[in-house]
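J.: heads up, no residue letters with this:
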């Protein structure tokens, strides 16, 4: 997961290769941003990994918000196996990025 500060919003990128849009949920729970992905997986065909960089069947990321975010304005899209979230800041927290 990568988090970038763009002044008036954060951009969060989550590597979610092989997860369809329908397999991913994004929610705000108790002032935390919860990103979860779950999909069906046939364990009979599991590879014999030497190194595993991304999950096969599920993942979860939790980010504390601390009242810094306009939660109703969060937008998500998926591009080339990457979930990209645009998370707007509350107006009093926006800063100029040079």
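T.: Sure thing, it's come through. None of these values were measured; they are calculated from a predicted model.
J.: Is residue 33 in a helix, a strand, or coil?
T.: Using DSSP: H, G, I helix; E, B strand; the rest coil, the three-state assignment for residue 33 comes out as strand.
J.: Count the residues that sit near the residue nearest to it when sequence neighbours are not counted.
T.: The shortest distance from residue 33 to any non-neighbouring residue, by CB to CB, 6 or more residues apart in numbering, is to residue 63 (4.4 Å). For every residue, glycine as well, the C-beta is placed using N, CA and C. A count of neighbours around residue 63, defined by other CB atoms under 10 Å, yields 17.
J.: Let's verify residue 63: helix, strand, or coil?
T.: Residue 63, by the three-state scheme (three-state DSSP), is strand.
J.: Quick check: phi and psi on residue 91?
T.: In this entry, residue 91 is assigned phi and psi values of phi -50, psi -40 (degrees, to the nearest 10).
J.: same deal with residue 20?
T.: Recorded main-chain torsions at residue 20 are phi -70, psi 160, according to degrees, to the nearest 10.
J.: coming back round to it: any idea how far residue 39 is from the residue nearest to residue 33?
T.: As defined by CB to CB, to the nearest Å, residue 63 lies at a distance of 22 Å from residue 39.
J.: picking up where we left off before, how about the residue nearest to residue 33, what does it touch?
T.: 3, 12, 32, 33, 35 (CB atoms under 8 Å, 6 or more residues apart in numbering).
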